[in-house]
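> here is a sequence with its predicted model. Questions after.
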Amino acid sequence: MLNIVRGDLKNKPVSSKQLANFFESIKSDLNGTLYIGYPIIGTSKGGFQIDALLITREKGLIAFHIEEGIDNNIDYKDIQDEIYTKINSKLLQYKELTQKRQLAINISIATFAPAWTIVIEKDDEYPCFINTSQLNQFLIPISWDKKEYYEFLLSVLQSITTIRKNKSRAYVKKDNSRGGTLKNLEESIANLDRQQSSAVIETADGVQRIRGLAGSGKTIILALKVAYLHSKHPNWLIGVTFNTRSLKDQFKNFIRIFTYEHINEEPNWDNIDILHAWGTNSSQGIYFNLCKDHDVEYLDFRDSKRLTSIYGQEFDAVCQKALNEIKKFTPKYDLIVIDEAQDFSKDFLRICYHILKNKKRLVYAYDELQSLSTKTMDSPEIIFGNDENDIPLVKLKNEADQPKADIVLDTCYRNSLEILTSAHALGFGIYRDQSLVQMFDHEQLWEDIGYKIYEGPLEPNVQVELGRDTTTSPQFLSNHSSVDDLISFKTFNDNSEQVKYVVDSIIKNIEEDELKFDDIMVINPNPLTTKSVVGAFREKLFEYGFNSNLAGVSTSPDTFYTGEAITFTGIYRAKGNEASMVYIINAQYCYEGMELSKKRNILFTAMTRSKAWLRVCGCGEGMKSLSQEFDRVKKNNFKLKFRYPTKDERAHMNIVNRDMSLEEKNILQKNTKNIDVLLEDLKSGKTKKEDLPKKQIDELKTYLGL
Amino acid sequence: MINTLYTQILNITSKLILTGLSVQQNYPSIKEGSIYISGNKNLSVALKNISYDKIYSILEEENNYNIKMIDGALIQLMYSFENNVLKKYRLAFFPSPNLEEFQNNSEIYEMDEIYADIIDKNIITTPIRFDYDPENYSSIDHPKSHLTIGQYTNCRIPVYAPITPNIFINFILRNFYNTAFIKFTETLNFKSSALFENCIDDKEKKILYLASC
């Protein structure tokens, strides 16, 4: 199946559409991708636009020069020569694509000029077509026998070769050690899949939504997109924003690398603002700049406590306040890209929408499940609200021959099927003894994130069976190790046992398994205890001569890993980062209690940090039960079997497991204690039930619905 | 003598990790009879005439510290000996010039009272240095053992005697991490016994000076 990716070729709309439509009609005969308005090739004189490029397993590489006008006097042969030399010189840079001193693959160039009536000076060496039937005739005889170059060629054209892990594994001596396994994993060629390519290249005016679960490559795709659009439209002012501070460095780094691919020079940073959403008094942020530009009061984290007492909703509150106070927005950006949109309220998205110029190019990417609170994303109609006529400002619809406005990335390239499915199972509490913890309101989401329905239909109150397969969870992520090595749960009697296990394992990872310090990450799920509980682990490691650090609480909020030390982190800092070997400690915290949705989301996030191996550790009864939940996932062959909860049941879950303010928690604790006291006294006979006022008992019965 | 100091530094580092006060640390190392920070050789960093921000970030980037505290403050503990005689030392506390991360983004800090000292908005960070430098001794102007506050060129408050890592760290914790110091009294009990002879002169005793046991 041919994938058609519609990039931006605005100056040649009619002809490029005809070309795309032609290929649409022969889509099923070819395997590969047709890019319109892509790639841009970096040359000594900046970016060089290729109008269209076809890369298929059957026909190899064919670049198109597209003419929109009727003027057939232009020197199309000269243009073809230039296209050829530009592509040739780009590909020659890769040893993998050369044979001796030559490029190993053939580059065909053709001109497509549907508005011409005739081609002057026909020349067989310079194919030129004025209609699609001629084009078809040209394509039929072409065949390609260098299929072995396909994958690599594609990754060069997608400009992702440059990000293949630069981490040197030259030190690896044992092929079958963990280090050796990672070496093989990292060397395998990565290509963008269909949805990913669309997400990078297709950008319409208006709002675009990109949904994808953790590890679907969102951040890289957004960076590729920014680099591509910046190269095409160097004058656009582009804003890139996110919630996790450590993403800033990543974005900057990726955008720089990718822009080099397109224009061979440093991006013009004056026109790309990579900004944290909030910002601080001294560092810019979307919200900080908004307040400055519109002359409204800027509130920092501490000030925000005046507005809300609910932990985790501080930013929402300040955004809401700003949105209410600003009467007239000053448009500033041509494009805003929002990563981790699940962490933001609709008010922040609206702010971004309002500070865009009239084309309203807003790209927001999110992973519903990565949200650490129970916020879920509303539909775009609700998020962006209505205009003065009560018509939604934004509606997303994918039109057949238009850039896609709504993209779902359903393939996960970070976590193996085993780890991802277990993370979902525990996140939702699928195999919990009690009822589910939470569930998507829209059943459809399960398919969007790459699950297949093995038993169904997927409807409320129906017993369903869901699972992933190799199309959405590539096999190479699983088959490097045995299932029990990929993921295991460890229950300990007390903390000292846990410390010993984790410390011993880490030392073994480094000394025997050939892992590097930064291959390992230790995550503590309870955000309030991280600093104190990891002390015991870190002190032990220090004693044995292994250095460690506590991520993100030190001075530079923008970096995560540092040199020769094992990274210990709380959940908020772990987000957006990944490591090959992940240890989750004190996982019992996530088993039960108040605000269970949040706790399970935390567990989900922590588990999905692992690129290869995962150890979930914890102590006591809670851990034992959590571990049993995992055993059931495994016993069910990493399938999710459950009765889909009804609307009422879901509403009930949402109440029971909701986030609470400190006050709510205190009141609940107080009342629970009071009931405890009463119960104890009744049991022991200190209080007799007959002595309690009947009126109170009756009222209690009514309120409790007994 | 050297070993005692070295052991004290190791122990201090361990305990600060254990209590969660150290977020990052470097091992001390003994070379040619002196105690350095692993990977770094120079005792007195030649960082004159540049802004404090810059000094801080260079030390941080080069890992030129023993301990990086939870609020970003860097602690250096370096002793230089010649023929087993103390020649020079530098015990320094370089707080992060930029506490915003802690004051503004303090969700992680607010929850834990041990950070009460650092997230107070009205504090201003000041580097503190204890130096022992008898080679440049000049009564009152340059006491052998002295305390410098805020990197002022001529700030040298006389100190009665050379001090140990334990005495220094007790001073730092008690004054700048008081909440944590009290909360973890049992873990953070570093014995402050003196190891060195007095070195203050009579003239210096007549002005304001620091003395320890």
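All right, it came through fine. Numbering: from 1, shown residues only, chains lettered A, B, ... in the order given.
> how far away is residue A:701 from chain B?
With distances taken as Cβ to the nearest Cβ, to the nearest Å, residue A:701 is found 39 Å from chain B. All C-beta atoms are positioned from the backbone trio N, CA, C, and that covers glycine.
> tell me where chain B has strands.
Counting by DSSP state E, chain B has these strands, from start to end: B:22-25, B:28-31, B:34-37, B:67-69, B:74-82, B:85-94, B:128-132, B:145-149, B:157-158.
> adding distance to residue A:668 and mean neighbour count, write those out as a markdown table.
Output for the strands of chain B, formatted as a markdown table (distance: least, Cβ to Cβ, whole Å; neighbours: other Cβ atoms under 10 Å in any protein chain shown):
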| stretch | distance to residue A:668 | mean neighbour count |
| --- | --- | --- |
| strand B:22-25 | 34 | 26 |
| strand B:28-31 | 49 | 15 |
| strand B:34-37 | 50 | 22 |
| strand B:67-69 | 36 | 27 |
| strand B:74-82 | 43 | 21 |
| strand B:85-94 | 44 | 20 |
| strand B:128-132 | 46 | 21 |
| strand B:145-149 | 49 | 20 |
| strand B:157-158 | 54 | 20 |
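> got TSV for the ones you listed, with distance to residue A:537 and mean pLDDT too?
Below are the strands of chain B laid out as TSV (distance: least, Cβ to Cβ, whole Å; pLDDT from 0 to 100):
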stretch	distance to residue A:537	mean pLDDT
strand B:22-25	13	90
strand B:28-31	21	90
strand B:34-37	23	88
strand B:67-69	17	92
strand B:74-82	22	93
strand B:85-94	26	93
strand B:128-132	31	94
strand B:145-149	36	95
strand B:157-158	40	95
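> chain A is nearest to which of those?
In terms of Cβ to the nearest Cβ, the element of the strands of chain B nearest to chain A is strand B:22-25, at 4.0 Å.
> so which elements touch the closest one?
Strand B:22-25 makes packing contacts with strand A:548-550, helix B:2-18, strand B:67-69 when contacts are defined by 3 or more Cβ pairs under 8 Å, 6 or more residues apart in numbering or on different chains; DSSP states H and E.
> show me what it is in contact with.
Residues from elsewhere that reach strand B:22-25 (Cβ atoms under 8 Å, 6 or more residues apart in numbering or on different chains): A:542, A:547, A:549-550, A:553-554, A:562, A:565, B:13, B:16-17, B:66-70.
> for these, which one is nearest residue B:50?
The closest of the contacts of strand B:22-25 to residue B:50 turns out to be residue B:68 (Cβ to Cβ; 20.2 Å).
> let me see the contact set for the residue nearest to residue A:515 when sequence neighbours are not counted.
Nearest residue to residue A:515, sequence neighbours excluded (Cβ to Cβ, 6 or more residues apart in numbering or on different chains): residue A:509, at 4.4 Å. Residues in contact with residue A:509 (Cβ under 8 Å, 6+ apart) are A:178, A:515, A:519, A:520, A:581.
> one more time with 6 Å
Contact analysis of residue A:509 by Cβ atoms under 6 Å, 6 or more residues apart in numbering or on different chains lists A:515, A:520, A:581.
> would you mark the buried spots in the helix or strand harbouring it?
If you go by DSSP states H and E, residue A:509 is part of helix A:495-511. For helix A:495-511, a neighbour-count test (16 or more other Cβ atoms under 10 Å in any protein chain shown) marks A:495, A:498, A:499, A:501, A:502, A:503, A:505, A:506, A:507, A:509, A:510 as buried.
> ditto for stretch A:169-185
Residues of stretch A:169-185 classed as buried by neighbour count (16+ other Cβ under 10 Å): A:169, A:172, A:177, A:178, A:179, A:180, A:181, A:182, A:183, A:185.
> mean pLDDT per helix and strand in chain B: which one sits at the bottom?
Scoring the helices and strands of chain B by mean pLDDT, DSSP states H and E places helix B:107-110 at the bottom, with a mean of 53.
> so what pLDDT did the spatially closest residue to residue A:575 that is not a sequence neighbour get?
Distances taken as Cβ to Cβ, 6+ apart place residue A:244 nearest to residue A:575, at 5.2 Å, with adjacent residues excluded. Listed pLDDT for residue A:244 reads 81.
> residue A:244 contacts residue A:573, doesn't it?
No - Residue A:244 lies out of contact with residue A:573 (Cβ atoms under 6 Å); the separation is 7.9 Å.
> just give the number of residues close to residue A:210.
29 (other Cβ atoms under 10 Å in any protein chain shown).
> which residues in the stretch 51-200 of chain A form strands?
Ranges of strands in the stretch 51-200 of chain A, per DSSP state E, counting those that start in this stretch, are A:52-56, A:60-66, A:98-99, A:102-103, A:107-112, A:128-129.
> of all these, which one is nearest chain B?
Closest among these, using Cβ to the nearest Cβ: strand A:98-99, at 39.8 Å.
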